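> I'd like to go over a predicted model; first the sequence, then the structure.
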Amino acid sequence: MRIALMSDIHGNRQAFQAVLTAAAERGAERHVILGDIVGYGGDPVWCLDKTMALAAEGAIVIRGNHDQGVADPSVSMNEVARAAIDWTRTQLNDEQKAFLARLPLEVEDGERLYVHADASAPARYHYVTDAETAAAHLQACRARISFCGHVHRPALYGLGPNGKTTAFTPTSAQGIPLLAQRRWLAVMGAVGQPRDGNPAAAFGILDTDRGEIEFHRVGYDIEGAAARIRAVGLPDALALRLFRGK
């Protein structure tokens, strides 16, 4: 099976649609969304409706901190993120809000674990940014392969038999073997707001038959996404950063 892995859509309709199209072209048979469907972007309703439709078809969907922030104003956010989530809350209907509130913090699926942030404390939304924080994640979960988002930068970490966690930087879309003698954490980057200096939308494909993961990037209509942010009156900084990928 080929599973499309997506995280941090952040209300970016243009990026989400581009990723869904690219994933279909690469043979995706199932979808996993690792949280933060809303926040920052100007199309939370469209992105949430699309996610709900995918969930009805069997997609796994995880709750991110921005999703939680819709119902819980106490979630810690900076001023710009708070402005976006406060506006987002006014756009969603009761059914959409209830969907976000019901989302799980993590899901185990066979040998795989899906979570938005660090698995050692999913509700605290710690960032996995290096081998040390990846080690804390890997030590906290039983799954051989785990997947998260939250950081907005793609990465791959492997825990070897010697107990050492090694960081790998994905540099191409070529499949990376997830060797059985290691445990793995794949950080999937962001669909709607990349922060690694590459503005293209990020997603991954897990090939369960081959035991490989692919990290992909796809261009999208950034001008359109930025125009939508400005049209609804969100802070201009949210539009500008899309072009920089930071």
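Everything's here; your move.

> separation between the residue in the chain sticking out farthest from the centre and residue 111?
Distance from the centre of the chain peaks at residue 162, with 29.8 Å (Cα atoms, centre = their mean). For residue 162, the distance to residue 111 equals 21 Å [Cβ to Cβ, to the nearest Å]. From N, CA and C alone the C-beta is placed, and that goes for glycine too.

> got the contact list for the residue farthest from the centre of the chain?
Contact partners of residue 162, counting by Cβ atoms under 8 Å, 6 or more residues apart in numbering, are absent.

> Relative to residue 236, how far out is it?
The gap separating residue 162 from residue 236 is 49 Å, by Cβ to Cβ.

> how about the residue lying closest to residue 71 once chain neighbours are set aside, secondary structure?
Excluding its sequence neighbours, the residue lying closest to residue 71 (Cβ to Cβ, 6 or more residues apart in numbering) is residue 101, at 5.0 Å. Secondary structure assignment for residue 101 (DSSP: H, G, I helix; E, B strand; the rest coil): helix.

> for the one 3 residues further on, same thing?
Using three-state DSSP, the secondary structure recorded for residue 104 is coil.

> cool, and the one 3 residues further on?
At residue 107, secondary structure determined by three-state DSSP is strand.

> Tell me how many other residues crowd the residue lying closest to it once chain neighbours are set aside.
Spatially, and ignoring its direct neighbours in sequence, residue 107 is nearest to residue 114 (4.8 Å; Cβ to Cβ, 6+ apart). Counted with other Cβ atoms under 10 Å, the neighbours of residue 114 add up to 28.

> Over to residue 114: give its phi and psi.
phi -120, psi 130 (degrees, to the nearest 10).

> mind listing the strands in this protein by residue range?
For the chain, strands defined by DSSP state E occupy the ranges 2-6, 30-33, 60-61, 106-109, 112-115, 145-148, 154-159, 165-168, 176-177, 183-188, 201-207, 212-218.

> residue ranges with poor pLDDT in the protein?
Across the chain, no stretch falls below the confidence threshold (pLDDT under 70).

> 80 instead, please
Along the chain, the model assigns pLDDT under 80 to residues 171-172.

> quick revisit: would you turn the strands of the chain into JSON lines with distance to residue 75?
What follows is the strands of the chain, written out as JSON lines (distance: least, Cβ to Cβ, whole Å):
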{"stretch": "strand 2-6", "distance to residue 75": "21"}
{"stretch": "strand 30-33", "distance to residue 75": "19"}
{"stretch": "strand 60-61", "distance to residue 75": "18"}
{"stretch": "strand 106-109", "distance to residue 75": "17"}
{"stretch": "strand 112-115", "distance to residue 75": "17"}
{"stretch": "strand 145-148", "distance to residue 75": "18"}
{"stretch": "strand 154-159", "distance to residue 75": "24"}
{"stretch": "strand 165-168", "distance to residue 75": "28"}
{"stretch": "strand 176-177", "distance to residue 75": "33"}
{"stretch": "strand 183-188", "distance to residue 75": "21"}
{"stretch": "strand 201-207", "distance to residue 75": "24"}
{"stretch": "strand 212-218", "distance to residue 75": "29"}
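
> how about those, which one is nearest residue 15?
When these are compared by Cβ to Cβ, strand 201-207 sits nearest residue 15, at 4.1 Å.
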